[in-house]
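**Q** I'd like to go over a predicted model; first the sequence, then the structure.
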Amino acid sequence: MLDPAAPQLVVNSRTLFFSWLPADPDAVAALVPPGLRAQPDRQVFMNQYVVEDDSQTSGFGAYSLTYVGVSLSGVDAPGGENAGGWWTHYVTSSRRVREYAVARGAPTSLGRTTIEVRGGTLVAETEIDGVPLIRARCQVGETGSVISSGHHRYFTARDDQLLSSVYPYVAEPVTSFVIESVEFLEPGHSTYALRPANPLTIGFGFYAPRASFAYPGGFTVHPGGRGASAGPVGAPAERVLAQRGGERPAPVHQVPARRARSGLPSGS
């Protein structure tokens, strides 16, 4: 098992990252734990990415991953351009990545993410146990000349403590990008609380055929969790949280994109 206190590097992943306003703002706010505050508009973010080859990581190997969460107020990443985020779901195809992440407090499930681009149409799908859970459809162009770089800050919980980590990134987004629809395919699954409003209103979004980032070594306890005290901590490898499972298929919830605006965040 990888030491969860050790840093990890991922290069040239294929990444779809965007945010939206939710259909049920109160349900989204209820997912945020005490000690953190959702943004007033209850914005939700999602990152779906695929790492094709073992050579693209420092220790994870090839894998795919989707994380979904709630944007936060008052806990921005360094530089103040990107809001902090609370991970509500973290679905990965790799047991190695899952063990590493769950020991850091991530709400992990084993699952698979695919990203296919054909004729300028991108379809990204996340599944658990072979059952589709989330599907996004976009129109994408060619990789542009502008580099997006910066930091993100994500929060997790472990042992009644809120943990904060800062993740540096560099991405090469495509220049033409439009989100057409986002589908949440299982109303019985906990991700359904994060479904977008109709019409779909996008906060930011991009697709990058090459996006690189790092998991930092260690993290910081954030004041506000039960029993939390400020200061850097490490995550012993043997302290693993229980996996959160998925549910069976249910009818589709689909929202077509209307008045969506595509813009690059300062992070990925």
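**A** Arrived safely, thanks for sending. All of these numbers come straight from a predicted model, not from anything done at the bench.

**Q** show me where the stretch 51-200 of the chain has helices.
**A** Listed in chain order, the helices of the stretch 51-200 of the chain (DSSP state H, counting those that start in this stretch) span 95-102.

**Q** which stretches of it have low pLDDT?
**A** Across the stretch 51-200 of the chain, nothing is flagged by pLDDT under 70.

**Q** hey, what's the nearest residue to Thr114 once chain neighbours are set aside bridged with?
**A** Excluding the flanking residues, the one nearest Thr114 by Cβ to Cβ, 6 or more residues apart in numbering is Glu125, at 5.3 Å. Heads up, the C-betas are built off the backbone N, CA and C, glycines and all. Beta-bridge partners for Glu125, by DSSP bridges, are Thr114, Arg135.

**Q** go on, Tyr90?
**A** Beta-bridge pairing of Tyr90, defined through DSSP bridges, involves Tyr67, Thr108.

**Q** count of neighbours near it?
**A** By the criterion of other Cβ atoms under 10 Å, Tyr90 has 25 neighbours.

**Q** the stretch 51-200 of the chain: strands as residue ranges?
**A** 63-71, 85-92, 108-110, 112-118, 121-128, 131-140, 148-158, 161-172, 177-184 (DSSP state E, counting those that start in this stretch).

**Q** got those strands as JSON lines, with distance to Leu21 columns?
**A** Output for these, formatted as JSON lines (distance: least, Cβ to Cβ, whole Å):
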{"stretch": "strand 63-71", "distance to Leu21": "10"}
{"stretch": "strand 85-92", "distance to Leu21": "15"}
{"stretch": "strand 108-110", "distance to Leu21": "25"}
{"stretch": "strand 112-118", "distance to Leu21": "23"}
{"stretch": "strand 121-128", "distance to Leu21": "20"}
{"stretch": "strand 131-140", "distance to Leu21": "15"}
{"stretch": "strand 148-158", "distance to Leu21": "20"}
{"stretch": "strand 161-172", "distance to Leu21": "23"}
{"stretch": "strand 177-184", "distance to Leu21": "11"}
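
**Q** nearest to Ala208 among those strands would be which one?
**A** strand 161-172 (4.1 Å; Cβ to Cβ).

**Q** Glu99 is nearest to which of the strands of the stretch 51-200 of the chain?
**A** When the strands of the stretch 51-200 of the chain are compared (using Cβ to Cβ), the closest one is strand 108-110, at 8.5 Å.

**Q** who are the packing partners of the closest one?
**A** Strand 108-110 sits against strand 85-92, helix 95-102, with contacts defined as 3 or more Cβ pairs under 8 Å, 6 or more residues apart in numbering; DSSP states H and E.

**Q** which positions within stretch 72-79 qualify as buried?
**A** Buried positions in stretch 72-79, judged by neighbour count with 16 or more other Cβ atoms under 10 Å: 72, 75, 77.

**Q** which one of those residues sits closest to Arg118?
**A** Ranked by distance to Arg118 (Cβ to Cβ), the buried residues of stretch 72-79 are led by Ala77 at 34.1 Å.

**Q** surely that closest one meets Ser164?
**A** No: Ala77 is not in contact with Ser164 according to Cβ atoms under 8 Å; the separation is 9.9 Å.

**Q** now the common contact residues for these two.
**A** Jointly contacting Ala77 and Ser164 under the rule Cβ atoms under 8 Å, 6 or more residues apart in numbering are 84, 153.

**Q** that older thread, tell me the contacts of the residue nearest to Thr114?
**A** Glu125 neighbours (Cβ under 8 Å, 6+ apart): 113-114, 132, 134-136.
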